[in-house]
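requesting a structural model of the entry that follows:
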Amino acid sequence: MDYRLIALDIDGTLTNSRKEITPRTRYALLEAQRRGKKLIIASGRHPIGIRDIADDLMLSRFGGYIMAFNGGRIIDCTTSQTILSKRFPAEFLPDIVNVLRSSNITIITFDENKIYADNKVNDYTYVERDVIKAEMVVTDDFVSTVKFDFNKILLAGEPYELDEYQKILKNRYDGLLDVYKSAPYFLEIMPFGVSKGSMLHMLLDKLGISREELVAFGDNYNDITMIGYAGFGVAMANAETEVKKISKYVCESNDEDGIAITLEKFVL
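Below you'll find the predicted structure:
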């Protein structure tokens, strides 16, 4: 198969345990683009937290794409224009805040440049801030502060408490919102039907490219739909068990140049 698109999760996939892209992986991805392949960086992150990586991999030069907010927003790196965006249904926000009122979980969302968090800030909240490297605004009245359009809500907290509230929120918003983990300490709340897999489907339709021509790499729960959708879905050796189960191939870990080795074997 002549694979034309390569979709890449960031944390635990594209970057190693030190949050770095290794030289071998960077070379393989640049070489793939030089040969006409397009890259899609598909992450739960805000675009601000993706752009430096996109620049390092020269996506604007080679015509790649940023898929931010788990697919909630897709940006053409050549033009820097948003080509697809799914707005979060803000009418659910007051109820979500109320459900989480007695928890120790931080509620987070994002505008174009900043992170907004309620006043239950915890250590995991700062993990998100430090990854994105954006200003964080902490507010005592989250609902009144968030009067802008946004793409997702992120919950940050202890894994055991997020597991408890994941069940509550999934039952409460079944068929209305999607709720899934992106890390043990992060729970994503998305517009219903918005995932990396569903939005890749929309992007490929716009590009006139079939799913069989797509390679996708990931490691965590929010990568499951993307890996399942791709013609060649690859789980990292460090991936969650559920991710490995739905993948077509399990490669070396993110600390062992898994992406580079797989591209060298099947794509380059």
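
any idea how far Asp223 lies from Leu268?
22 Å (CB to CB, to the nearest Å). Bear in mind the C-beta positions are built from the backbone N, C-alpha and C, glycine included.

between those two, who's got more neighbours?
Taking other CB atoms under 10 Å, Asp223 and Leu268 do not tie; Asp223 has more neighbours (35 against 14).

residues touching the closest residue to the more buried one other than its chain neighbours, list them.
Counting by CB to CB, 6 or more residues apart in numbering, Asp9 is the residue found nearest to Asp223 once chain neighbours are left out, at 5.1 Å. Counting by CB atoms under 8 Å, 6 or more residues apart in numbering, Asp9 touches Ala42, Ser43, Lys196, Phe217, Gly218, Asp219, Asn220, Asn222, Asp223, Met226.

now intersect those residues with the helices, please.
The helices, defined by DSSP state H, take in Lys196, Met226 from those.

now do stretch 150-158: distance from first to last residue.
24 Å (CA to CA, to the nearest Å).

and the closest residue to Glu212 other than its chain neighbours, how many residues sit next to it?
Leaving aside its chain neighbours, Glu212 sits nearest to Gly231 (3.7 Å; criterion: CB to CB, 6+ apart). Using other CB under 10 Å, Gly231 has 15 other residues around it.

go on, the one 10 residues further on?
Counted with other CB under 10 Å, residues neighbouring Thr241 total 7.

just to revisit the earlier point, find me the pLDDT at the residue nearest to Glu212, would you?
Turning to Gly231, the model gives it a pLDDT of 96.

with Ile50 instead?
At Ile50, the pLDDT recorded in the model is 96.

what helix or strand is it on?
Assigned by DSSP states H and E, Ile50 belongs to helix 48-56.

so what touches that helix?
10, 14-15, 21, 26, 41, 43, 60, 64, 66, 68, 77, 113, 131-134.

now the following helix or strand past that helix: buried residues?
Per DSSP H and E, the first helix or strand lying C-terminal to helix 48-56 is helix 59-62. Buried residues in helix 59-62, counted by 16 or more other CB atoms under 10 Å: Leu59, Phe62.

and helix 59-62, what does it pack against?
Under the contact definition 3 or more CB pairs under 8 Å, 6 or more residues apart in numbering; DSSP states H and E, helix 59-62 sits against strand 38-42.

with just CA atoms, put the strand it packs on into CSV.
Taking Å, rounded to 0.1, in the frame of the first residue of the first chain, the C-alpha atoms of strand 38-42 are listed here in CSV:
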residue,chain,number,x,y,z
LYS,A,38,1.4,14.5,4.5
LEU,A,39,1.6,14.6,8.3
ILE,A,40,-1.4,15.2,10.6
ILE,A,41,-0.5,16.0,14.2
ALA,A,42,-3.6,14.7,16.1
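
just checking: what are the partner strands of that strand?
As defined by DSSP bridges, the strand partners of strand 38-42 come to strand 5-8 (parallel), strand 65-68 (parallel).

chain center to the last one: distance?
What it means is strand 65-68. 9 Å (CA atoms, centre = their mean, to the nearest Å).

can I get that strand as PDB, trimmed to CA atoms?
Provided in PDB are the C-alpha atoms of strand 65-68 (Å, rounded to 0.1, in the frame of the first residue of the first chain):
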ATOM      1  CA  TYR A  65      -2.300  19.600   9.300                       C
ATOM      2  CA  ILE A  66      -2.900  20.200  13.000                       C
ATOM      3  CA  MET A  67      -5.800  18.400  14.500                       C
ATOM      4  CA  ALA A  68      -6.200  20.000  17.900                       C
END
